[in-house]
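1. Sharing a model that was predicted from the sequence below.
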Amino acid sequence: MKQQEPKLMSLPRMRDILKSYADEISRHFFIDSHLAMIRGSADVLRLIIRQQPPFTLDDRRMGIILQGEAHINLNLVEKHFKAGMLIFIGPGSIVSPVSISPDFQVYGFGIANDFPLPFASDQLPQAMNGQVRDFQLPASETDITTARHILDTLWHVVHQPDYNPQIVSNLIAAQMHHYDVLYRQFCNRQQHMLSREQTIFDRFLQLVNQHAIREHHIAFYASRMCLTERYLGTVIRQASGVTAKEWIDRALIARIKAELRHTDKSVVQISEELCFPNPSFFSKYFKRLTGMTPAGYRET
């Protein structure tokens, strides 16, 4: 089946689609030539979805997920939006909603690329300058409250007769800076987490190289590192794509192969020295992981 080409869903296009529903959605939606706002109800989203996604965007959209959840294919990756997240979607993004819960509510805005912001285009906040296509941030209650206060003020201002564009511009800029700070903090936390994972992984491999001859189970390594087995296993898989048990097995098999290839020790003696319960278990273990018996390997 031929993949459907994304259709541009610009702010003017949205205004054309929604103008016949103005009376129904006015309590939850505002739009002019440069700015659109949605407040709570997902009815606007459902009306847009009728236009058969995927859509491509040429503007910036920012919001808060207030309630419910949605699965959205965003820039070819399926994302899970849920209550308590701050969302940014930048120009050039491709959006295709997969599912939206009946109670889904979002509060946010979209601004056209020519929206008059109070800073030069080359001075945009880092998270909004085009280097990041989209992001979703789990936010604290305090951060959500700050974002909502800005949106509440913005909503109030745009509903005033002949509203002041400079005030609107500054409020949009304030929200952009707020999201930018939170995005950079989130990235720093992720980097710190990755650094910690790498430190744990390096220490684990060091211990495996030292003790795998006698210690064949993850419990020993978790104990030495003062971590739970579950946490250690999760970190090792995330850091390397390989389970902790497989790393232990790799080290142990490498040692067994060296003993078989370069010594005259019997299978029984190697089994005992490497702390296997008995030679039969040792042979089965080796064959399961290599496809060969110890004697067969020694003869190759």
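-> Sure, I can see it.
2. what's the distance between residue 194 and residue 200?
-> 11 Å (CB to CB, to the nearest Å). For glycine as for every other residue, the C-beta is placed from the backbone atoms N, C-alpha and C.
3. Looking at those two, which one has more neighbours?
-> residue 200 (18 against 12; other CB atoms under 10 Å).
4. Not counting sequence-adjacent ones, nearest residue to that one?
-> Once flanking residues are discounted, residue 200 sits nearest to residue 235: 5.0 Å by CB to CB, 6 or more residues apart in numbering.
5. For the stretch 51-200 of the chain, just list every one of the helices.
-> 141-158, 165-211 (DSSP state H, counting those that start in this stretch).
6. May I see the ones you listed arranged in a markdown table, with mean pLDDT and distance to residue 116 as well?
-> Below are the helices of the stretch 51-200 of the chain laid out as a markdown table (pLDDT from 0 to 100; distance: least, CB to CB, whole Å):
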| stretch | mean pLDDT | distance to residue 116 |
| --- | --- | --- |
| helix 141-158 | 97 | 14 |
| helix 165-211 | 91 | 6 |
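7. Kindly reformat the ones you listed as CSV containing distance to residue 84.
-> Shown next, in CSV, are those (distance: least, CB to CB, whole Å):
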stretch, distance to residue 84
helix 141-158, 7
helix 165-211, 13
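8. for the ones you listed, which one sits closest to residue 129?
-> helix 165-211 (9.3 Å; CB to CB).
9. now the angle between helix 141-158 and that closest one, please.
-> If you take axes from the mean of the first three to the mean of the last three CA atoms, to 10 degrees, helix 165-211 sits at 160 degrees to helix 141-158.
10. what packs against helix 165-211?
-> Using 3 or more CB pairs under 8 Å, 6 or more residues apart in numbering; DSSP states H and E as the contact test, the elements touching helix 165-211 are strand 59-67, strand 85-89, strand 105-112, strand 134-138, helix 141-158, helix 218-224, helix 229-240, helix 244-262.
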